[in-house]
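J.: predicted model follows, preceded by the sequence.
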Amino acid sequence: MINFKEWKKIHFIGIGGIGMSAMARMMLSSSKTVTGSDTEETPITDGLKEEGVKILIGHEEDHITPDTDAVLYTIAVKDDNPELKKARSLNIPTFSYPEALGLISKGLFTIAVSGTHGKTTTTAMIGKILKDADYSPTIIVGSILVDGGTNFVSGTSDILIVEACEYNRSFLHLNPNILVITNIDNDHLDYYRDLQDIQSAFKELAQKVPKDGYIVTNPHNASITPVLGEVNGQVIDYTSHNMTGVHLRVPGEHNVLNAQAALAVAEVLGTNSSTSLKALNEFKGTWRRFEYKGKIKNDALIYDDYAHHPVEIKATLKAARESFPNKRLTVIFQPHLYSRTKLLLDEFAVSFSDADRVIIAPIYAAREDKIPDINSEILAEKIKAYNPNTIALNTFQEIQEHMIEHAKKDDVIFTIGAGDIYKVAEQLTT
């Protein structure tokens, strides 16, 4: 039987990933020796280095030494990775991030937050409520918390709060006592066949919740209802939760729903309602979720957001329009994945109606090879049919120069996407 608590030295392949870095921090907090590799230095790897992790840039077989007890790797890593091959040749146990997360959650009271959208914010909200209520949970969140500046919180209780990612059916390694399903939408269609295939994965996860467990969701949502047919846990409708007294700092109707889900979880656990409300009202959000970055040279405001799915883009821009009704709203969007851009092209085209101007950056490939019949110019042309003020630009440098030339004092600029588009916001505000 595998017991991760016996590991003394652990190496992470792809340590700069948001989930991987959180797990590295968890191992470091347990007094283990942690090393990790990635393709480049980032603020995340810099932070880990400061905390005591040995960071190695590039993937080399020499990074794996025989005294390593386990190697954990991001699911983006392929079997031909030299470090992964070396570890396996030395018979060092290797685990993907989802497998390792499943190991960690065994024996813990696991609150798993799933859904196509809203996982990160809901996880962070639940974490803040339970932390402020002195439940001392361990929290692994898919972003950096504004409060605390980290993606990992070490707790002393047996409660684990964690995001449950549906890609590649990763979340099936978890055994949740409380499962949150925020919503289910078409996404990750490079892996799933269609919505029914996605629902089948959520259904399998929901069926893992035990009889004395809870599924916190919107059972009336047409995409979620089929998932709940044969579950053992008690279904809690978070949408009926009373929001009197909640005054969120984070904008948007989608965040109201996230807060309702968080309050429903807190209620299940018996937290003091005034403590829960206070925690939510003080919640400042997470990195890359409607994050204010500053002003550019001509005093235009600039924000950054992780939205990368059409539904998320609509929600973010709706919140932006409500927050800045009299400002000119410019959106700089970096599509994430060739497959997602191609498969959801028509949905993306109608997602920018709340923007006055749209700039499309080159597609961020991430784990994919280039697909010849899709690019940012094709997406820009599609969007133009609904928003004529749309252009595609070829580089971040071009985008920055364009914004410096054309932005005005009363403009609000949003960089959005799941890749590295946040660098544009950071360059414009320096």
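T.: Alright, I've got the coordinates.
J.: pull the number of nearby residues for residue 318.
T.: By other CB atoms under 10 Å, 16 other residues sit near residue 318. (Glycine included, C-beta is placed from N, CA and C.)
J.: next, give phi and psi for the nearest residue to it once chain neighbours are set aside.
T.: Among residues not flanking residue 318 along the chain, residue 354 sits closest, at 5.7 Å (CB to CB, 6 or more residues apart in numbering). Dihedral pair for residue 354: phi -80, psi 0, per degrees, to the nearest 10.
J.: can you report how many residues neighbour residue 354?
T.: By other CB under 10 Å, the residues close to residue 354 number 17.
J.: what residues are up against it?
T.: Going by CB atoms under 8 Å, 6 or more residues apart in numbering, residue 354 touches 314, 317-318, 320-321, 329.
J.: so what pLDDT did residue 369 get?
T.: Per-residue confidence (pLDDT) for residue 369: 86.
J.: where helices are concerned, which of the contacts of residue 354 count?
T.: In helices, defined here by DSSP state H, the members of these are 314, 317-318, 320-321.
J.: before we move on, back to that, just the buried residues of the contacts of residue 354.
T.: Applying 16 or more other CB atoms under 10 Å to the contacts of residue 354, the neighbour count classes 314, 317-318, 320-321, 329 as buried.
J.: quick one: these as JSON lines, columns for distance to residue 254 and pLDDT too.
T.: Converted to JSON lines, the buried ones among the contacts of residue 354 look like this (distance: CB to CB, whole Å; pLDDT from 0 to 100):
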{"residue": "314", "distance to residue 254": "9", "pLDDT": "91"}
{"residue": "317", "distance to residue 254": "11", "pLDDT": "94"}
{"residue": "318", "distance to residue 254": "8", "pLDDT": "91"}
{"residue": "320", "distance to residue 254": "12", "pLDDT": "91"}
{"residue": "321", "distance to residue 254": "14", "pLDDT": "92"}
{"residue": "329", "distance to residue 254": "17", "pLDDT": "95"}
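J.: which of these sits closest to residue 367?
T.: Distance to residue 367, by CB to CB, is smallest for residue 314 among these, at 25.1 Å.
J.: same list, the contacts of residue 354, but as TSV with distance to residue 37 please.
T.: TSV is the format used below for the contacts of residue 354 (distance: CB to CB, whole Å):
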residue	distance to residue 37
314	38
317	37
318	40
320	38
321	42
329	40
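J.: related to what we said a few turns ago, tell me the one of the ones in helices among the contacts of residue 354 nearest residue 260?
T.: For the ones in helices among the contacts of residue 354, the minimum distance to residue 260 (CB to CB) is 17.6 Å, reached by residue 318.
J.: do I have it right that the closest one meets residue 253?
T.: Yes: using CB atoms under 8 Å, residue 318 is in contact with residue 253, at 7.2 Å.
J.: where do the strands sit along the stretch 1-150 of the chain?
T.: For the stretch 1-150 of the chain, applying DSSP state E, counting those that start in this stretch gives strands covering 9-13, 33-38, 54-57, 70-73, 94-96, 109-114, 138-140.
J.: go on, the stretch 201-350 of the chain?
T.: 214-217, 234-237, 291-295, 301-305, 328-333.
J.: nearest to residue 366, out of these?
T.: The nearest among the strands of the stretch 201-350 of the chain, by CB to CB, is strand 328-333 at 15.3 Å.
J.: does residue 294 really touch residue 413, like I thought?
T.: No: the criterion here is CB under 8 Å, and residue 294 misses it with residue 413 at 10.6 Å.
J.: right, and residue 317 touches residue 333 too?
T.: No: using CB under 8 Å, residue 317 makes no contact with residue 333, being 9.9 Å away.
J.: what touches both of these two?
T.: Common contact partners of residue 317 and residue 333 (CB under 8 Å, 6+ apart): residue 352.
J.: what ranges in the stretch 1-150 of the chain fall below the confidence cut-off?
T.: Applying pLDDT under 70 to the stretch 1-150 of the chain picks out residues 1-2, 146.
J.: how near is residue 34 to residue 54?
T.: Taking CB to CB, to the nearest Å as the measure, residue 34 falls 7 Å from residue 54.
J.: these two: which has the busier surroundings?
T.: Neighbour totals were compared for residue 34 and residue 54, and residue 34 leads with 24 against 14 (other CB under 10 Å).
J.: residue contacts, that one?
T.: 9-12, 24, 27-28, 52-54.
J.: ok, those vs residue 189, which is closest?
T.: Closest to residue 189, out of all of the contacts of residue 34 and judged by CB to CB, is residue 12, at 28.6 Å.
J.: count of neighbours near that closest one?
T.: The number of residues packed near residue 12 is 29, by other CB under 10 Å.
J.: check contacts around it.
T.: For residue 12, the contact set (CB under 8 Å, 6+ apart) comprises 20, 23-24, 34-37, 71-73.
J.: possible to save these as CSV with distance to residue 363?
T.: Below are the contacts of residue 12 laid out as CSV (distance: CB to CB, whole Å):
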residue, distance to residue 363
20, 24
23, 29
24, 29
34, 33
35, 33
36, 28
37, 26
71, 31
72, 29
73, 25
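J.: and which of those residues is nearest residue 128?
T.: residue 23 (20.5 Å).
J.: check the gap between the closest one and residue 103 for me.
T.: Applying CB to CB, the value for residue 23 to residue 103 is 10 Å.
J.: okay, the two: which has more neighbours?
T.: Ranked by neighbour count (other CB under 10 Å), residue 23 and residue 103 place residue 23 first, with 22 against 17.
J.: show the contacting residues for that one.
T.: So residue 23 contacts 12, 72, 97, 100-101, 104, 140, 152 (CB under 8 Å, 6+ apart).
J.: redo that, cut-off 7 Å
T.: Counting by CB atoms under 7 Å, 6 or more residues apart in numbering, residue 23 touches 72, 97, 100, 140.
J.: that older thread, the strands of the stretch 1-150 of the chain: which one's closest to residue 228?
T.: Nearest of those (CB to CB): strand 109-114, 13.0 Å.
J.: the closest one: partners in the sheet, and parallel or antiparallel?
T.: strand 159-163 (parallel), strand 178-181 (parallel) (DSSP bridges).
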